[in-house]
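Colleague: Sequence and predicted structure are below.
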Amino acid sequence: MERSLSENGSSGTYGSSEEEMSITKGPWTEEEDSVLFDYITVHGEGLKRTGKSCRLRWLNYLRPNVRRGNITLQEQLMILDLHSRWGNRWSKIAEHLPGRTDNEIKNYWRTRVVKQAKQLKCDVNSKQFRDTLRFEWMPRMLERIQAQASSSSSGQAQTALISNVKAHSDPCGGATATATASNAGLVSEASSAVEVHAPSLSDSGASYSLVGGGSWCSYGAEEGYSRVWEERNYGYSEITGNGFGGVDLWTEENICFLQQQLADDF
DNA sequence: AAAAACATCAACCGCGCAATT
DNA sequence: AAATTGCGCGGTTGATGTTTT
């Protein structure tokens, strides 16, 4: 039986391999018994809570390095990307969003994404909606991320990019499916801490047409954009202070790369 | 200003799997 | 090998906060 007085137990959502290595199994030693005994002597058997409840409270709230506050655009984009590959594998998705819990991501998906799908009167797993994610939301998120990145170095560049976003809003393309401006609300609603004051997509009044017919959702597929992107970035991901493993995923190079991939059919 | 409706998020529940006895 | 126990995951609920009427 594995045990830990500190953090998580087995190979769970947040366990790094390093932590797993430190987990002791097998019979309890006298020293361990002593530590446990002393702890209970000092603190008592404590709360009238189940182990499950304590674990959840720790993982989702008390654990150090839990990120609080709004889900950033970058995080939203990553959630959409990873969910397109893995579906509702919240803990797996959370592994790539340091400091975010599976619960938070799940809540985000249900309260924002599923809600938008309902407003569009389509199933969240339908091709139509997945295409909306791929061809509408994700590119716009990228635009905004790019705008944010530029605004930190140049206000003029921000203005130019905002114009670019507007220019991309094709209000009358021949579409197999049409996303109303309301669906873009997801993008503008959940703003990051470094919100850039670009025009809200939900304010534009434009409707956006879909392009292409490629299948965005490829659960379990390990090819094309997803795999390459992961090789580029996730392989280096570790939980550290800056939230992205000490590596800034959202360099201009990466943003350009992701834009190219989004533009391709796969 | 109050009530109703809506949105968010923390916590609970049940299931399945893995480890242990 | 079978039974038991514990844990982690995903789905769901309910309390609380916020917005709208």
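Modeller: It's in.

Colleague: Pretty sure A:Arg85 sits in a helix.
Modeller: Yes. Membership of A:Arg85 in a helix is supported by DSSP: H, G, I helix; E, B strand; the rest coil.

Colleague: how many other residues sit next to it?
Modeller: 21 (other Cβ atoms under 10 Å). For the C-beta atoms, the positions are set from N, CA and C on the backbone; glycine is no exception.

Colleague: Report the separation between it and A:His96.
Modeller: According to Cβ to Cβ, to the nearest Å, A:Arg85 stands 11 Å off from A:His96.

Colleague: before we move on, what about A:Ile79?
Modeller: Distance from A:Ile79 to A:His96, counting by Cβ to Cβ: 9 Å.

Colleague: okay, those two: which has more neighbours?
Modeller: Using other Cβ under 10 Å, the more surrounded residue of A:Ile79 and A:His96 is A:Ile79, with 24 against 21.

Colleague: thought that one was touching A:Ile71?
Modeller: Yes. Between A:Ile79 and A:Ile71 there is a contact under Cβ atoms under 8 Å: 7.4 Å.

Colleague: quick one: least confident helix or strand in chain A?
Modeller: strand A:208-209 (a mean of 28; mean pLDDT, DSSP states H and E).

Colleague: I'd say A:Pro98 and A:Pro64 touch.
Modeller: No. A:Pro98 is beyond contact range of A:Pro64, at 11.9 Å (criterion: Cβ under 8 Å).

Colleague: and the two? which has more neighbours close in?
Modeller: Remark: of A:Pro98 and A:Pro64, A:Pro98 carries more neighbours, 20 against 6, as counted by other Cβ under 10 Å.

Colleague: Next, give phi and psi for that one.
Modeller: The phi and psi torsions at A:Pro98 (degrees, to the nearest 10) take the values phi -50, psi 130.

Colleague: Also the one 3 residues further on?
Modeller: The phi and psi torsions at A:Thr101 (degrees, to the nearest 10) take the values phi -100, psi 160.

Colleague: Just give the closest residue to it, not the sequence neighbours.
Modeller: A:Asn60 (4.8 Å; Cβ to Cβ, 6 or more residues apart in numbering).

Colleague: What score does the one you found have for pLDDT?
Modeller: pLDDT, A:Asn60: 87.

Colleague: Please apply the same query to A:Gln76.
Modeller: 90.

Colleague: Check the secondary structure at it for me.
Modeller: helix.

Colleague: so it makes contact with A:Met138?
Modeller: No. Contact criterion Cβ under 8 Å: A:Gln76 and A:Met138 do not qualify, at 9.1 Å.

Colleague: From the domain annotation, what segments belong to each domain of chain A?
Modeller: A:17-62, A:73-263 (automatic domain parsing).

Colleague: lowest-confidence stretch among these?
Modeller: What stands lowest among the domains of chain A, in mean pLDDT terms, is domain A:73-263, with a mean of 59.

Colleague: didn't A:Val124 look like it was pressed against A:Val114?
Modeller: Yes. Counting by Cβ under 8 Å, A:Val114 is a contact partner of A:Val124 at 5.1 Å.

Colleague: How many residues are close by A:Ala106?
Modeller: Quick fix: residue A:106 is Lys, not Ala. 16.

Colleague: Would you check that it makes contact with A:Lys92?
Modeller: No. Counting by Cβ under 8 Å, A:Lys106 stays clear of A:Lys92, with 11.8 Å between them.

Colleague: Could you list the contact residues of the stretch 101-250 of chain A toward DNA strand B?
Modeller: For the stretch 101-250 of chain A, the residues found near DNA strand B under the criterion Cβ under 7 Å from any atom of the strand are A:103-104, A:106-108, A:110-112, A:115, A:189-190.

Colleague: Most proximal residue of the stretch 101-250 of chain A with respect to DNA strand B?
Modeller: A:Thr111 (3.7 Å; Cβ to the nearest atom of the strand).

Colleague: Just the buried residues of stretch A:140-152, please?
Modeller: For stretch A:140-152, the neighbour count (16 or more other Cβ atoms under 10 Å) marks A:140-151 as buried.

Colleague: Lovely, talk soon.
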